[in-house]
Structures are given as structure tokens and as C-alpha cells.
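# below is the sequence, then the predicted model.
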Amino acid sequence: MTRNDVLAAPVTAPPGTRTDRPRRTPATALVTWVRRGGPHHLVFLLPTLVIFGVFSWYPIVRSVVMSFQKTNLAAPPRWVGWHNFVFVLHDPLLGTAVRNTLWFALLALIIGYPVPLVAAVVMSEVRRAKGLYSALAYLPVVVPPVVSVLLWRVFYDASPTGVFNTILGWVGLGPFPWLQDQTWAMPSLVLAATWSGAGGTVIIYLAALLSVPPELYDAAEVDGAGIWRKVWHVTMPQLRGVLFITLILQIIATAQVFLEPYLFTGGGPANATVTVLLLIYRYAFQNSLGGNYGAATALSLMLAVVLALFSLLYFRLTKSWSQ
Amino acid sequence: MAAIAQTADRTAVSASDWRRPGVRWGLGSAHVVLLVLLVVVGLGPLLLLAKFAVTPTQDILRTPMAVFPHGIAWSNLDQAWNDVQISHYFLNTVWVAAGSWASQLLVATTGGYVLSVLRPAYGKVVEALVLATMFIPTVVLLVPLYLTVLHPPLLRTSLINSFWAVWLPAGASAFNVLLVRRFFDSLPREVFEAARVDGAGPYRLFWSVVLPMSRPILGVVSVFAVIASWKDFLWPLLVLRDPSIQPLSVRLPSIAGTTDQGVFLAALAIATLIPIVMFLLFQRLFLSGVGLGGAVKG
Amino acid sequence: MKSTYRAAAFGLAGAMALSLTACSSGGNASTGASSDGKVTLSVVSLLPGSEQAAIDAFNAQVKQFEAANPNITIKPVEYEWQAPTFAAQLAGGTLPDVFEIPFTDAKTLIANGQLANMDKQFHTLPYAGKFNPAILDSGKGSDGKVYAIPAKNVYGVGLHYNRKLFESAGLDPDKPPTTWDQVAQDAKKIADANPGVAGYMQMSQNGTGGWQLTVQTYARGGRIQEVSKDGKATSTLDDPATVEALQWLQKMRWNDNSLGSNYLLDWGTMNQAFASGKVAMYTSGSDVYTSMIQSNGLDPAIYGLAALPLEGSDAGVLTGGTLAAVPAGVSTAVKNAAIKWIDFFYTGKLVDKDRAVADAQTLVKDKQPVGTPVLPMFDKAQYEQNQEWIKQYINVPLDHMKSYTDTMFELPLVGEPSRHTQEIYALMDPVVQAVLTNKNADIEKLLKDANTQAQNLLDQD
């Protein structure tokens, strides 16, 4: 998005102020500021400053402070240095949580990455009722995530009379333990999460597919390329940018997975689905006698540093991509 | 004319490719297979939900896939709406969404206006600070934001158990501010100049010129604000403890263990209905790919 | 023109700020005392999602109370004590003015200064001196003052079973199992005769896994924590009795396949599974019948309650209970109102004939359970007297609970572990879940690891 530099000057600046600029004393600077509508600007900025200040900037700073404190809300907070970080790093559950989160992210990539891509490529060739295809693909995304988890929890009933087990029983498969087994639980979570999310990815890919410059296909055809070669040598390279962006988005999202483990399994069975975010939640809110807010913020910050790197990458990519 | 339109958004398979029988058959059957898969996977679970909503509990537990062996239990829906008071929580959800929408719109439009149109000298700093929050994952905010809402600065009372605890933090969306700011950037400056020459001050310029020209982006922000608030779970779970003001997303899990399964599934079905209707109404907006940026908000 | 817009903009911001304060202060003023001497008191009502009849009965009780105390307005709040959310609620000030906590948490909360001192109000109760001292002690601070008041009668853990499922497997519903081996045998028969049904199941989620594993340990003569005379606590999660309990569970799960197929149940979902006929036997507090009627639509005809099998020397029944408490920092007016409600709703009806009868009448009218067996928090004589008063109103199937009620005063009772109880329960959950979901779970190693972590917690003190 290019900006018209001619119009970049403040619209409210009265003409002429540039030529006969008065000497800069604090008083004249203030007068100038008021004359140029400074107070009005502040009025408009007020909601942003208040809302971001109180509910974003202040909490962010506070979380850094709190990670070096011990507080139970009853007594005044105490400085404890790096103790919270040491505590978190020594928690035997941290390794489990990190492993589980990576496993979730990996499974989400294996299941949730290629499926929307293939679906989008095939869908882009549809000539009639394209809208129907995309509407069907997007429908699960519209279902509130809590509803979809609670619904899938019913589907995942592990008894032979559970919904999925009944259906699979028709073709002689199962019964499968789904959420009730340490090995099966995580893939089950990912499957449900993919159902809820894949439609969005399909739509993004579709938009990207339609923006591939047609000349490239024409040129490939002149060279005698068949359909497969066109898909592989023209479509895919053109999608590289958006593929990489969805990859990063997916990593950022899966690193913060909470809803599925919280509502499906509560982190079980036997900690098989405890994720980093669930661990943070447990530190802060689980103990009935007071939360370990220091440990929770310390772990949040450690996760944030990793995620900020991905966000930065994402931002640079979208910037260069949209230009 | 038609030929031009076709080349404009052509895809990998060309018109001449389509004329080959192999492609025709192969791709044609691929499309049928995909359609069947999409119906089964996308629509199937929702149809099952609709069926369970009117199936007696014991049938759901014993023979979930049989087609109404013991009749249809319309009473599930009635009980869900009245006894489980889904109607009440539904209204709460609407309230939460409406307030979040208003707060997001207020911050995004005023903030975007300052950064794009008024452009005070310190605007760059504010913009950088707003932008910076996009790199901080929401998880960092969880605990300190909770404690802030518990004892908000300047206010003497806690915001816990009031809708403000959800509404106000919802406004702090950097994505919205930057989206609106970008849109304002693209508006023709000549119009602003003309309005200014006519004597319009910053308020009139905002209200009578900029906002009316920004309907498309306000529509986008609105729809995503409502959807995001409808989906939100962890935050309202933490701050809306009083069951009488909880939205559906918080209420439904907490009654899962005490509600008859048939009635519970009916409640889930009702909770799904509105988002689906919204989707059908605003289908084009959803499917246009605007959600790409929205996705990063997580 | 310009100024109009400016005024409008300022007005908007001002209105936002104003309504903000109005709303939040309104939220706080909903409870507490106002200048005209009227007090609004928020109290625990029922579990979220309870049956309409139970809500009606509760509202009828509220009306009676308000009629007798015109200066107090009661605001019922749904409440389920859950370890994972309690601390946030307490810190957030979102608990009702009168809330319920388990015995195990009171001492720490008092030491943290989070509960109001109710000593003065407590001693206005005419029967204050009649409480069982051991039970009353759980709500006293180190200063000897009463902060939390025993509210509901004490539960002993019993074996709940489904009579209909017993019959379906050719078992006599009047002869529930009396040893853990018999439990296993009956469970297998029931599971074999009813595919998809768990013959027996044990909770494993949200701290209840640790709670019930402790029940099993006590019942086999073990303990999970020892506190020496000098106050040093030692964790004994690797007690042979605990190992035995898990091996017993392991055998039922993997050899007999009699535990059904859903293993992540907590207190609420277990009640639901039992009430809907998916679980034939489980152990929980003797008072859970009331909750299953109120929230899960249990059919009383299928319900049976048996004494917990005890094996080995020093075996005992785990017992616990509920205290009513008031958050620190409330006004004296609220505390005075709170004790009136505690007297009315929880304790008074246990010692006063007229009130016992009135209470029973209210409950019976809405078909709510009267007479669910619990352990007395005064003395046995008082308890039996109370049962006599309400005899004609008792509507719970007492003849289905005979095995429990016959022995409830004879079985040795053991309180819950006293240090870091909920945290240690939470450490035990994954151990129980591992045994239920992993065929090759190494019980001794799992317990040893959990024990190390539990000891670390204890050593922090």
C-alpha cells in the first residue's frame, strides 16, 4: 500500500506555518501545538491510549515485573530474582508440556497442512457451484470452538456404542480408545482441531491460487507443459509465500493450544496432553490455595520470546508479500 | 468478452485441457469425490448434532447412529431453551459480543483516524507501540491482565463479574487499528482537504466524511469482532464467574456434567445456529480471504 | 459548529467513563449492607445445571428465611467447589458471602488471612458448645478462634452401586460385595453381561484421582502422608497399600476389562455416568445421593449404597466434610447475616425439632431427598434424635443403603492428609490415569516419582 507523499503533511496544519516558523520556546511550541489542533488529536487518541495502556501495555510490563516476584495476592509481592524461572525449568512437567506441544504442532502440520492445500487446488478447478464447495469447507470454522469440542467429545465416546466407534464398526474397525489412551489422545485432539480450522486455510489458499498470474500458465503451455507440470512448476512456486505464511501462523497458533486439551482431556490421560499453555493455566489458577503467578508469568515470557520470533518473521513476510 | 473473463482468472487447467476426455473424467470425478467428502466431513457432524438434539438420551448412548428407534424427542429443545435457560445465556453472549464490537470499533476508528489522518508528531511512537503488541502472544497477558481487571487502576472496584471485563480488553486489538489505519490511508486526501476548506474541524471530518467513506472496512472489523467474541472462551471463563452473566461458551462446559445428554446436545445445537445463520448471510465476506489477517489474532 | 462536535466527543468519553464506574460499583453494591440496615447476602445455592424441582425447593427455603429476617435479602449463587478455580474466585472476590470449602483447605486459608473471623458470631449459636470438637477444630485458626463453621454433615466414603445392573448379571442387589476381590468379581460379571457398561470405575480427573486413591489406600491399611510429632511431614505415596490398590485396578482394567471405556472422570462426570447407567459401582462420599437427585435425575429405585470394604490392620474409611466460610474483609453486618443463614440453612435443623420438620417438609414438597445418610457433626445421640424427628418425611431408599447405615458408626474413620492436600492429590491423578490407560504402566516407578514431587512440596514449609 503506497502512500501519497504530497498529502503526507498534517491536514490540520494551517498553511503558512512552515515559512514563518517562530523561535522555539516551550511557550510558543505549546501555542503552536494548540493552534494545530493538538488537543483534538489527543481526544481522538484517548480511547486508544486508555484501552491499550490499561489492557495491553501495562499488563505486558507487569508480566515482566511479576516474573521476578512472588505474590499470592494476599501479602505484598516479594522480589525473588530468577527463582520463578528456575522453578519452571526444574518442573518435571515442563519437558512433558513442551514435548506435547511440539507433538501437537507436528501432528497439526501433518494432518492439517497438506489436506487444505490439495482440497484448494482441486477446488480451484471447479467450474460450477464453486461457492458451494467453499461454503461446505468453511462451515466447521463457523461453529464456536467450545461447541465443536463438546460435540466431538460425544463423538469420541470410547465405548463400542460411541459415535465414531459405531461408524467404524460398520467396516469392521475398532473400537478405538480415542481420548482414553495416552497414544491416541493427542491425535484425536489434533483431528478435532483440524476439523475446526482447516476451512479457513482452504479459503486462504483459494484466494492465493486465483491470484496466480495467468500468463505463467500460458507460458508453460507454450512450452508444452501438462497439468501436473503446471501445478508443480507454476502453481506451487507461486504459492510458496502464502504456504510459508500459513505455516508460521499455524505454528504460532498451535504453540498456544489450550481449549482442546483443557476441555477434551484436562491434560490427561497421565499428562499425555498437557501443553505449555495448560501448564501456565495450572500454575496460575489450579491450586485451590493460591496461584503461583510468578511461575505462570515466567513461563509465559519464555514462550513469548519464542513466538515473537515467529511473529516477526510473519510480519516481514506479509509486508514483502503484499508489496 | 467471455474469453477475456476466462483468461483473467484462469487456473492451472486450461480450457483445452478440459476438452481432453482423460482430464474431464479425472478432474470431474475428483470434484465429485471432493464434494462428497466435504458434505460428509463439513456437514456430517453438524447434521449429527441436529439429529442428537432431538434424540432421546438413551438412544444417543446406546445406538447413536440408528434413525430414531424410539421416536423423536422434541422435548430436548424445549428443555434446553427453558430449563437449561439457553435463551438467557444466549442473550449474555449477544451482550458480550455487542459490547466487544462497540469497544473495538471505537478504538480502531479513532486510533486509525489519528494515525492516518491527523498524524500528530508523536503518532509514530503510538503506532510503534500498538504494532509492538502484535508480537506479544496473548498468553503473556493472561495473568497480569487478570490481575489488572481484578484491581483496575483508578477504579476502586474490581471489574470481575461485569461485562466491562470482557468489553474493554477486547478493544485493545492492534490488528483492528492497523487495518482501519491502512484503509484510511487509501482514502483520497483531496476529499479531506475540501472538507477542511469548507470549515470542517477534526470532529466533523471524522464523523461526516471519514466514517461514511469507511463502511466496507467497518463491516469487516464488525463481523470479525462479533465472531471472535462468540468464539472466546478462556478470558470470559476467568473473569465472568457469576453464572447469570456467562456467555454460552463458558456456560456450556460447566453444565456438561449435570445435564441430561440429549438436552445438552440440543443446547449445543441452539448455540451453533446463530453463527451459521450469520455465515450464510455474510458468506461472501467470510470466503473472501479477509480472515487471513484475522487469523493471526488467534 | 466545531464546539458542538467537541462537546459530543467529550460527552462520549465522559459517558463511557461514567457508566464504567456506575456499572462496576453497581456490581459491588449488589451484596453488602446499606445505610438503612438492610443487608444483601449472597449464598451458595446448587450446582450449575440443577433440576428445576431442586431449584424450586431452594427458592422456597430462601423465602422462608427472608420472611423470618426481613432485613436480609438473599442472593443465591450457583457454586461447585473445584480445586482448579477456587483460588481465582477467592482472589477475584467472586465467591458468595457464604461459601463452602473442604475441611482440608481451611487451615491454610485462615493462615493466609483470607477467611473472616466468625468466632463472635459462631458463639451466638445456642448449640455452639455441642459440636464434635474434632470436627470444629478443622475450622479453627492457630489463635483458637472459629473462622469456618462445619456446615453439612460429614461424609464417609461408601460404595455406590446400581441395583438394576446387579440383577442383570444375576447378582443379589441386597448383598453388595464386602471385599475388594468381590468388587472385582462382581464388576466383571456386570461388565460381561452388559457390554459398554463399566462394572466398577474410579475417578481420575481434577484431583479426584488422588482423593479416591487415598480412599483405596486407607481401606487397605495404608496412609499417604505421615506427620511426626515435631511437625515434619513425610510423603508416603509409595505405601504398599497404594501399590496394591493400583495393582487391583490394573487387573480389573487389563485382565478383566471390567472398567468400561471412559477413564477420565471427575466427581461430576462420574455421578452423571452412574446416574445414566454407564457405571455400576464406584466409591464416593455417602452424601452424593442428594446431588445425583438434584443434578443428574437419578432413579432412586436403582440406587444402592454399601459400606466400604476394609482390609488389613489399621484400615479406615476416609472422611471429609464441608465448612461454611465468609471471605475476609466483609462488614460485621454481613457476618451477622451470614451466621443467621448458616444457622438456618446448614446447622440449626440438625438440633431443633421444629426446624428439622419444617425443612424436611419444604424439601419433600418438591420431591427433594430427605434423610441421605451422613456422619454426625454433633454426637451420635443428636443424630439419631434428628432422624427420629424427620422419620415420616424420609424419602431416600434407606433400605437400599442398609449395608452402609448398619456399620457407619462402627467403621474406623481417617481424615484426609493435612498438608498440601489438593496439590498432592493433583500429583496422584496422572498415576491413576496411567494405570487406566497404559497396559505397561510401572506402578512402583510412577508412585516413586510422584512421591519425590510430593516430598518437595512438603519440604517447602
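Structure's in. What do you need?

# ok, longest strand in chain C?
Determined from DSSP state E, the single longest strand within chain C is strand C:155-162.

# who does it pair up with?
Applying DSSP bridges to the sheet, strand C:155-162 is found paired with strand C:281-285 (antiparallel), strand C:303-306 (antiparallel), strand C:317-320 (antiparallel).

# which residues touch the first one?
The set of residues that contact strand C:281-285 without belonging to it, under CB atoms under 8 Å, 6 or more residues apart in numbering or on different chains, is C:155-162, C:177, C:183, C:186-187, C:190, C:199-203, C:212, C:215-216, C:267, C:270-271, C:274, C:308, C:320. C-betas here are computed from N, CA, C, even on glycine.

# quick one on the thing from earlier: which one of the strands paired with strand C:155-162 lies nearest to C:T124?
Nearest to C:T124, of all the strands paired with strand C:155-162, is strand C:317-320, at 27.0 Å by CB to CB.

# please enumerate residues in contact with the next helix or strand after the closest one?
Per DSSP states H and E, the first helix or strand lying C-terminal to strand C:317-320 is strand C:322-325. Residues from elsewhere that reach strand C:322-325 (CB under 8 Å, 6+ apart): C:81, C:98-103, C:106, C:109, C:115-116, C:118, C:138-139, C:147-152, C:342, C:346.

# the residues you listed in helices, which ones?
Within the contacts of strand C:322-325, residues falling in helices by DSSP state H are C:F103, C:A106, C:L109.

# can you list the weak-confidence ranges in the chain?
Answering for chain A, as no chain was given. Under the criterion pLDDT under 70, the flagged ranges of chain A are A:1-24, A:72-75, A:288, A:290, A:320-323.

# wait, chain C was what I had in mind.
Along chain C, the parts satisfying pLDDT under 70 run over C:1-36, C:83-85, C:88, C:92.

# how's it carved up into domains?
Taking automatic domain parsing as the reference, chain C has its domains at C:37-154+C:321-365, C:156-319+C:407-459.

# the residue of the stretch 151-300 of chain A found nearest chain B sits in which helix or strand?
Relative to chain B, the nearest point of the stretch 151-300 of chain A is A:A207 (3.5 Å; CB to the nearest CB). Here A:A207, judged by DSSP H and E, is contained in helix A:185-210.

# go on, A:R282?
Counting by DSSP H and E, the element that carries A:R282 is helix A:276-285.

# quick one, helices of the stretch 1-150 of chain B?
Assigned by DSSP state H, counting those that start in this stretch, the stretch 1-150 of chain B shows helices spanning B:2-8, B:15-19, B:21-38, B:44-52, B:57-62, B:75-82, B:86-113, B:123-133, B:138-150.

# now B:T93. Nearest residue, chain neighbours left out?
Nearest residue to B:T93, sequence neighbours excluded (CB to CB, 6 or more residues apart in numbering or on different chains): B:P247, at 4.0 Å.

# can you report how many residues lie near that neighbour?
28 (other CB atoms under 10 Å in any protein chain shown).

# what's the answer for C:A60, then?
Residue crowding around C:A60 was assessed by other CB under 10 Å; the count is 16.

# what sits against the closest residue to it other than its chain neighbours?
In this structure, C:A60 finds its nearest non-sequential neighbour in C:T362, 5.2 Å apart by CB to CB, 6+ apart. When contacts are counted by CB under 8 Å, 6+ apart, C:T362 touches C:A57, C:A60, C:Q61, C:Q64.

# residue contacts, B:V209?
B:V191, B:F192, B:A195, B:A200.

# domain assignment for chain A?
Domain ranges of chain A: A:20-66, A:83-322, per automatic domain parsing.

# distance check, the closest residue to B:N76 other than its chain neighbours against chain A.
Take B:N76 and drop its neighbours on the chain: the residue closest to it by CB to CB, 6+ apart is B:A266, 3.9 Å away. B:A266 sits 12 Å away from chain A when distances are taken as CB to the nearest CB, to the nearest Å.

# how near is B:A266 to B:T57?
Per CB to CB, to the nearest Å, B:A266 is found 10 Å from B:T57.

# more neighbours, the two?
Between B:A266 and B:T57, B:A266 has the larger neighbour count (other CB under 10 Å), namely 29 against 19.

# that one contacts B:W74, doesn't it?
No: between B:A266 and B:W74 there is no contact under CB atoms under 8 Å: 9.4 Å.

# spit out the residues that contact the two alike.
Common neighbours of B:A266 and B:W74 (CB under 8 Å, 6+ apart) are B:V54.

# residues near the residue of the stretch 101-250 of chain C found nearest chain B, how many?
Closest contact between the stretch 101-250 of chain C and chain B, by CB to the nearest CB, is at C:G196 (7.6 Å). Neighbours of C:G196 under the rule other CB under 10 Å: 19.

# please enumerate the helices of the stretch 301-450 of chain C.
Ranges of helices within the stretch 301-450 of chain C are C:332-341, C:353-365, C:380-389, C:402-405, C:421-437, C:443-459, based on DSSP H, counting those that start in this stretch.

# contacts for the shortest one, please.
Yep, that's helix C:402-405 we're talking about. For helix C:402-405, the surrounding residues in contact (CB under 8 Å, 6+ apart) are C:G158, C:L159, C:D174, C:P176, C:S286, C:G304, C:L305, C:A306, C:A307, C:P373, C:L398.

# shouldn't the first one be in contact with C:S286?
Yep, that's C:G158 we're talking about. Yes: counting by CB under 8 Å, C:G158 touches C:S286, with 4.5 Å between them.
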